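Q: Any chance you can model this:
(chains A and B)
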Amino acid sequence: MINISHLHKQFGDLEVLKGIDLNMEKGKTTVIIGPSGSGKTTLLRCLNLLEIPNQGEISLGNYELSFSPGKKLRPQEISAFRKQTGMVFQGYHLFPHKTALENVMEGQIVVQKKSKQEAREKALDILDKVGLKNRADNYPHQLSGGQQQRVGIARALAMDPEVMLFDEPTSALDPELVGDVLKVMKDLSEEGMTMVVVTHEMRFARDAADQVIFIDDGVIVEKGTPEEVFEHTSHNRTRQFLNKIEEA
Amino acid sequence: MDDRAQRVIDILIHSFWPILKAGLEFTIPLTLITFVLGLILGLLTAFARLSGIKPLVGIAKFYVWIFRGTPLLVQLFIIFYGLPSVGLTLKPLPSAIIGFTLNMGAYNSEILRAAISSIGKGQWEAAFSIGMTKAQAMKRIILPQATRVSIPPLGNSFISLVKDTSLAATITVSELFQKGQQIASATYEPLWLYIEVAVIYLIFSTILTYAQSKVEYRFERHVEK
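A: So this is what the prediction gives:
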């Protein structure tokens, strides 16, 4: 489903990704963990080209892109590639001038050129799925953080992505609101959605991940099943990181 | 003394409608037309500034520099009195519309540029993440939010514009102020006539301020205070 090879990303002089090779299978959930500044969010953002890698290849679904310094992708290439992905942001980034329902309808109308009626029906279905049908007409500022994030998930799902990308989706939430969002994500994972999740929620990683990636300083230190990484890691850096997380 | 007072009152009553009429015929249309044109020019200039395309950025910066850096009165004089000497003769009203539009466009472009820039990167990325192009994101997501941000400062420049149109009198547009001037010199009652002119401007700008607050409320109602 997703094939990443030799991926490099640099911001100025700072090399954030130092050659990433990674495979993700269709229908599986991959959780990326690692200390802050390790490059995990950058890696995720490369998967929908919000960051353009400097080198390497990514194949995702029907498209394969290779990157090299000085090579510019055409907007159509970026857009076609990106349409296969849906993204959920740490800061939700809902459109504040639109209701929850309109947020979920927007891409269907503008990008997929669906009729309003069709878009509305689908949006209501998806909002129902994330438990927010009764808040459809609320504006984002009238919703709690957890509700906003679930609308964010619904907005991405409405575009029928092949892959859902989650960038620390619960990091900005009050602890008591995290559960609702994780529940929605777990359901999606169980339904067979292909997911890539950057998170600090180790419980979620243990329960929902098919594959856990530990990334540090721009390289993949370790990958394996949750059990392999959490229980039987042979890597010092992984152990140190997990200990720190558990202390917190 | 009573005769004098009576005379002044008569003059004020008789002049009120002609002055107001000049306002309705020239001041208000001039204000509305230049505001709309100035908004379009301002938006285009803001887009040019934000385009990242070097020649466009350069042209936009140069234009704003010239028209913000020189007095409006001088700009109007160059257009109306200056250009005929290079063969470009414009009637008073078109001269005024062009001058005010160019001036408004420069100021508005800065307001709009700041408003567009104030919308966070996250909104662009969210729009891109659901497959929108740059143009779609600008139109559907960024501009509606930037509009809300820019309404208070645009409202201010709108109200300034109503008053600034009095400068059109200097290039022989028979707008509100010029009408007042004519009657003042014909009747030798400058104090009372100019007060009357001021009152009519005040009526216009009060109505427009009220309208502005309505528009602001309309755009703010869905946003967290």
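
Q: now residue B:169, nearest residue through space, not along the chain?
A: The shortest distance from residue B:169 to any non-neighbouring residue, by C-beta to C-beta, 6 or more residues apart in numbering or on different chains, is to residue B:178 (3.8 Å). Where C-beta positions appear, they are placed from N, C-alpha and C, glycine not excepted.

Q: wait, doesn't that neighbour sit right on residue B:22?
A: Yes. Judged on C-beta atoms under 8 Å, residue B:178 makes contact with residue B:22 at a distance of 7.1 Å.

Q: got the contact list for residue B:174?
A: B:22, B:26 (C-beta atoms under 8 Å, 6 or more residues apart in numbering or on different chains).

Q: where does it land in three-state SS?
A: coil (DSSP: H, G, I helix; E, B strand; the rest coil).

Q: Pull up the gap between it and residue B:72, please.
A: Residue B:174 is 19 Å from residue B:72, where distance means C-beta to C-beta, to the nearest Å.

Q: Residue ranges in chain A under the pLDDT threshold?
A: Filtered on pLDDT under 70, chain A yields the residue ranges A:248.

Q: can you give me the strands in it?
A: A:2-11, A:14-24, A:29-33, A:55-60, A:63-67, A:85-88, A:163-167, A:194-198, A:211-216, A:219-224 (DSSP state E).

Q: Can you give the strand pairings for the fourth one, parallel or anti for each?
A: For strand A:55-60, sheet partners with direction are given as strand A:2-11 (antiparallel), strand A:63-67 (antiparallel), following DSSP bridges.

Q: Next, the closest residue in space to residue B:148 that isn't next to it in sequence: phi, psi?
A: Excluding the flanking residues, the one nearest residue B:148 by C-beta to C-beta, 6+ apart is residue B:219, at 4.5 Å. Torsion angles at residue B:219 (phi, psi; degrees, to the nearest 10) stand at phi -80, psi -20.

Q: Give me whichever of the strands paired with strand A:55-60 is most buried.
A: strand A:2-11 (a mean of 18; mean count of other C-beta atoms under 10 Å in any protein chain shown).

Q: what's it in contact with?
A: The contact list for strand A:2-11, computed with C-beta under 8 Å, 6+ apart, reads A:15-24, A:39, A:42-43, A:46-47, A:51, A:53-60, A:67, A:163, A:194, A:196.

Q: Can you tell me which of the strands of chain A is most buried?
A: For these, the largest average neighbour count (mean count of other C-beta under 10 Å) is found in strand A:85-88, namely a mean of 28.

Q: list the helices and strands that one packs on?
A: Judged by 3 or more C-beta pairs under 8 Å, 6 or more residues apart in numbering or on different chains; DSSP states H and E, strand A:85-88 is in contact with helix A:145-157, strand A:163-167, helix B:121-129.

Q: list the buried ones in the last one?
A: Counting neighbours by 16 or more other C-beta atoms under 10 Å in any protein chain shown, one finds that the buried residues in helix B:121-129 are B:123, B:124, B:125, B:126, B:127, B:128, B:129.

Q: Could the C-alpha coordinates of the next helix or strand after it be exported in PDB?
A: For helix B:121-129, the following helix or strand on the C-terminal side (DSSP states H and E) is helix B:134-137. Coordinates of each C-alpha in helix B:134-137 appear next as PDB, following Å, rounded to 0.1, in the frame of the first residue of the first chain:
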ATOM      1  CA  LYS B 134      -4.300  26.900  -3.900                       C
ATOM      2  CA  ALA B 135      -7.000  28.900  -5.600                       C
ATOM      3  CA  GLN B 136      -9.800  26.900  -4.100                       C
ATOM      4  CA  ALA B 137      -8.300  27.200  -0.600                       C
END
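
Q: The residue in chain A sticking out farthest from the centre and chain B, how far apart?
A: Distance to the chain centre peaks in chain A at residue A:117, reaching 28.6 Å (criterion: C-alpha atoms, centre = their mean). To chain B, residue A:117 is 19 Å away according to C-beta to the nearest C-beta, to the nearest Å.

Q: Would you mind measuring from that residue to residue A:154?
A: In this view, residue A:117 and residue A:154 are 18 Å apart by C-beta to C-beta.

Q: got it, and residue B:58?
A: To residue A:154, residue B:58 is 44 Å away according to C-beta to C-beta.

Q: Which one of these two is surrounded by more residues?
A: More neighbours surround residue A:154 than the other of residue B:58 and residue A:154, with 28 against 12 (other C-beta atoms under 10 Å in any protein chain shown).

Q: what residues are up against the more buried one?
A: By C-beta under 8 Å, 6+ apart, the neighbours of residue A:154 are A:100, A:103, A:104, A:123, A:126, A:127, A:129, A:130, A:132.

Q: ok, and the most crowded of these?
A: residue A:104 (32 neighbours).

Q: Once you drop chain neighbours, what's closest to that one?
A: residue A:123 (3.8 Å).

Q: check contacts around residue 137.
A: With no chain named, the answer covers chain A. When contacts are counted by C-beta under 8 Å, 6+ apart, residue A:137 touches A:99, A:100, A:101.

Q: You answered for a different chain; I wanted chain B.
A: Each residue near residue B:137 by C-beta under 8 Å, 6+ apart is listed here: B:123, B:124, B:127, B:128.

Q: go again using 10 Å as the cut-off
A: Applying C-beta atoms under 10 Å, 6 or more residues apart in numbering or on different chains to residue B:137 gives the contacts A:110, B:123, B:124, B:125, B:126, B:127, B:128, B:130, B:143.
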